[in-house]
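Engineer: Test case, fold it:
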Amino acid sequence: QAVPAGSHVRLNLQTGAREAKLLDTENGDTREEKRRKRLGKVDVDASSFTSQELKKALAKMKENEKAERKVRGAHEEEVRKKFRPIEQLKEEFEKLNVKMETDYEIMVQLISTFNSSVSTLDEKVAALYDLEYYVHQV
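Structural biologist: Just a heads-up that it's a prediction; the model follows:
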């Protein structure tokens, strides 16, 4: 049998019967009535909004979005000040005769080692173990 949406339904394991409990009401108010009270006199039917109300709501959303962008932009600037781009780091490491490789570059080398016909079985096994480590990080 159909039960109203939001009803509490359970299976009584002692009797095997299915039981349904109607919504709890406080002071006779259902959830829908509480929602209506919270929203006030606003009619949430989409066909009842005027074009002016929709324009005001859209303008308010755009203002909020602009404010959020400013906050994000300030945060991004702080991050940029703290960290250097990878290209700059690579250049500095090259000056020190240290080669810096990304995980992707290392994984490509390991795959080529594994696929190489010149590699020994031990080299291929080692490449697979190392590749497993890098893939696990991803």
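Engineer: use CA for all of it now, contacts and neighbours both
Structural biologist: Will do.
Engineer: Would you map out the domains in the protein?
Structural biologist: Listed domain ranges for the chain are 49-97, 98-137 (source: the TED database).
Engineer: Please, where are all the helices along this structure?
Structural biologist: Along the chain, counting by DSSP state H, helices occupy 31-39, 51-82, 86-95, 103-115, 121-137.
Engineer: Rebuild these as TSV, extending it with mean pLDDT and distance to residue 7.
Structural biologist: Shown next, in TSV, are the helices of the chain (pLDDT from 0 to 100; distance: least, C-alpha to C-alpha, whole Å):
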stretch	mean pLDDT	distance to residue 7
helix 31-39	60	11
helix 51-82	84	34
helix 86-95	86	57
helix 103-115	92	53
helix 121-137	91	45
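Engineer: Throw the ones you listed into JSON lines and include distance to residue 9, thanks.
Structural biologist: Formatted as JSON lines, those follow (distance: least, C-alpha to C-alpha, whole Å):
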{"stretch": "helix 31-39", "distance to residue 9": "17"}
{"stretch": "helix 51-82", "distance to residue 9": "39"}
{"stretch": "helix 86-95", "distance to residue 9": "57"}
{"stretch": "helix 103-115", "distance to residue 9": "52"}
{"stretch": "helix 121-137", "distance to residue 9": "43"}
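Engineer: a markdown table for those, including distance to residue 20 and mean neighbour count?
Structural biologist: As requested, the helices of the chain are exported to a markdown table (distance: least, C-alpha to C-alpha, whole Å; neighbours: other C-alpha atoms under 10 Å):
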| stretch | distance to residue 20 | mean neighbour count |
| --- | --- | --- |
| helix 31-39 | 17 | 12 |
| helix 51-82 | 41 | 11 |
| helix 86-95 | 61 | 12 |
| helix 103-115 | 57 | 15 |
| helix 121-137 | 48 | 14 |
